[in-house]
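Quick one, structure for this:
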Amino acid sequence: MRIVQESTAAVIIDIQDKLHPHIHEREILERNTRILIQGLQALKVPVIVTEQYPKGLGHTISGIGEVLETTGPIEKTAFSCCDVPEFMDAVLLTGKKHIILAGEETHVCVLQTAMDLLEAGYAPVIVVDCVSSRKPHSKEVALRRMETEGAVLTTCESILFELLRYAGGDTFKTISKLVK
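Sure thing, here's the model as predicted:
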């Protein structure tokens, strides 16, 4: 299944101040997620951001927040973003079928969101180098489960070039610089 720009939106899930310091390989996750967001914005792919219980877990980390060109985050207490009507309204408003997922924690909020998106008829695309958990094993098991259930696994660089499709032009130059 080819993932195309015109049918794609993205969700950045719960990369927050008080959780992020405990995430395995958090520096890699942050760097890659920044690249992903900037590339998606260059491609004009809509990006939705969520925050899990910000009173307790803080807000989106500054390294991610500073590159976002989106309206404020959708606050939630449900693990699955899909259990929040405001989130589902935002996804529906995009009119997109493929939903790119990045964020924390892979085995909880990312997994449950992917499963619910599948059930709702969407095609979740998990960017494996833009998701993580506190424990690497938890991430790996969650990725296997999502793939078995029908989610697509990819990497940051791979999905950006798949959405781009062709070399040349300003967007190509922007994405090429980002992934170097």
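
When you work out contacts or count neighbours from here on, use the C-alpha atoms and nothing else.
Fine.

Going along the chain, name the helices of the chain.
26-42, 54-57, 62-65, 85-94, 111-119, 136-149, 156-164, 169-179 (DSSP state H).

who wins for proximity to Gln5 among the ones you listed?
Closest approach to Gln5 among the helices of the chain is made by helix 156-164 (4.9 Å; CA to CA).

The closest one: how far from the chain's middle?
13 Å (CA atoms, centre = their mean, to the nearest Å).

same question, stretch 106-123
In terms of CA atoms, centre = their mean, the centre of stretch 106-123 is set 11 Å apart from its chain centre.

Can you give the contact residues for that stretch?
Residues from elsewhere that reach stretch 106-123, judged by CA atoms under 8 Å, 6 or more residues apart in numbering: 13, 79-82, 97-99, 101-104, 124, 131-133, 138-139, 141-143, 146, 149-152.

At the geometric centre of the protein, which residue do we find?
In the chain, the C-alpha nearest the mean C-alpha coordinate belongs to Ala102, at 2.4 Å (CA atoms, centre = their mean).

Roughly how far does that residue sit from Ser158?
Applying CA to CA, to the nearest Å, the value for Ala102 to Ser158 is 14 Å.

likewise Ala142?
Plainly put, Ala142 is 20 Å away from Ser158 if you go by CA to CA.

again with Gly121
Separation of Gly121 from Ser158 (CA to CA) stands at 24 Å.

same check, this time on Phe172
13 Å.

For the two, indicate the residue with more neighbours.
Relative neighbour count places Phe172 above the other of Phe172 and Ser158, with 19 against 12, counting by other CA atoms under 10 Å.

Just the pLDDT at that one, thanks.
On pLDDT, Phe172 comes in at 97.

what does Gly72 give?
Note for Gly72: predicted pLDDT of 83.

Excluding chain neighbours, give the residue nearest to it in space.
Distances taken as CA to CA, 6 or more residues apart in numbering place Val49 nearest to Gly72, at 7.4 Å, with adjacent residues excluded.

So the one you found is in contact with Glu69, correct?
No - the pair Val49 / Glu69 is not scored as a contact, 10.4 Å apart, by CA atoms under 8 Å.

who's more crowded, the two?
Between Val49 and Glu69, counted using other CA under 10 Å, the more crowded position is Val49 (23 against 13).

Let me see the contact set for that one.
11-14, 70, 72-74.

how about a cut-off of 7 Å?
Residues near Val49 by CA atoms under 7 Å, 6 or more residues apart in numbering: 11-13, 73-74.

In the beta-sheet assignment, what are the partners of it?
Ile12 (DSSP bridges).

Please report the distance of it from Gly56.
17 Å.

Between the helices of the chain, which one is closest to Leu19.
Proximity to Leu19 (CA to CA) singles out helix 54-57 among these, at 6.2 Å.
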